[in-house]
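J.: give the three-dimensional model of this entry:
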Amino acid sequence: MRPTPADPDAWNAYLAEGNRTQARKRVAADVLLRDGDGRILLVNPTYKPDWDLPGGMAEANEPPHIAATRELKEELGLAIEPRRLLVVDWVAPHGPWDDQIAFIFDAGTIGTAEAAALQPHDDELSELAFVTPAEATTRLRNRLARRLRAALEALNGQGGPLYLHDGQPV
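T.: As a prediction, this is how the structure comes out:
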């Protein structure tokens, strides 16, 4: 017999068992940050071969926008809160990884002097660069390049937030 809310201890144990057996998703929270010339900030992680957008993985029970804010502070020393959601992308299992949910938030624009002075703040990044959107898509792996193009569409008023499946519109 299934417990009911009338027996709170049994009910909570039943719900906890359901929580334990349900799938958990990894969550990536990146930002689209631009300089005064409209160039996009990319970062070069030390732990993987490709350039990336600033951001990173959410910690357990951490909201995606808070993860993006935390990662900007840790990796770049920037105290910027994301403005709005541009993209949600369901990323299929690949290589050793299970599926994940990837977010891109608009982080706005920083001034020319601040952009020029920006440096990595920890050993997870080897360098950073502000690049044109066209150059960004050549530096990023294909799935992330598609996600960035969708984020730029959403940013430029062509819809949004956009929902993607492996970087492709659904």
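J.: look up how far Ala16 lies from the one residue sitting closest to the centre of the chain.
T.: In the chain, the centroid-proximal residue (CA atoms, centre = their mean) is Ala29; its distance is 2.1 Å. Note on Ala29: its distance to Ala16, by CB to CB, to the nearest Å, is 27 Å. C-beta here means a position set from N, CA and C on the backbone, and glycine is covered the same way.
J.: need the contact list for the residue nearest to the centre of the chain.
T.: The contact partners of Ala29, by CB atoms under 8 Å, 6 or more residues apart in numbering, come to Gly55, Gly56, Met57, Ala58, Pro64, His65, Ala67, Ala68, Glu71, Ala102, Phe103, Phe105.
J.: is the third one in a bridge, and if so with what?
T.: The residues listed as beta-bridge partners of Met57 by DSSP bridges are Ala28.
J.: show the pLDDT at it.
T.: On pLDDT, Met57 comes in at 97.
J.: wait, doesn't Leu85 sit right on Leu155?
T.: No. If you go by CB atoms under 8 Å, Leu85 and Leu155 don't touch, sitting 10.9 Å apart.
J.: so how far is stretch 95-110 from its chain's centroid?
T.: Relative to its parent chain, stretch 95-110 has a centroid offset of 2 Å by CA atoms, centre = their mean, to the nearest Å.
J.: same question, stretch 50-58
T.: Per CA atoms, centre = their mean, the centroid offset for stretch 50-58 relative to its chain is 7 Å.
J.: do stretch 91-108 as well
T.: 7 Å.
J.: now stretch 122-140
T.: Worked out by CA atoms, centre = their mean, stretch 122-140 lies 15 Å from the chain centre.
J.: and what of stretch 67-74?
T.: 10 Å.
J.: so for that stretch, mean pLDDT?
T.: 97.
J.: buried ones in stretch 73-87, by neighbour count?
T.: Using 16 or more other CB atoms under 10 Å as the test for burial, stretch 73-87 gives Glu75, Leu76, Leu78, Ile80, Pro82, Leu85, Leu86, Val87.
J.: strands - which of those residues land there?
T.: The strands, defined by DSSP state E, take in Leu85, Leu86, Val87 from the buried residues of stretch 73-87.
J.: reformat the residues you listed as a markdown table; add pLDDT and distance to Lys48.
T.: What follows is those, written out as a markdown table (pLDDT from 0 to 100; distance: CB to CB, whole Å):
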| residue | pLDDT | distance to Lys48 |
| --- | --- | --- |
| Leu85 | 97 | 24 |
| Leu86 | 97 | 23 |
| Val87 | 97 | 20 |
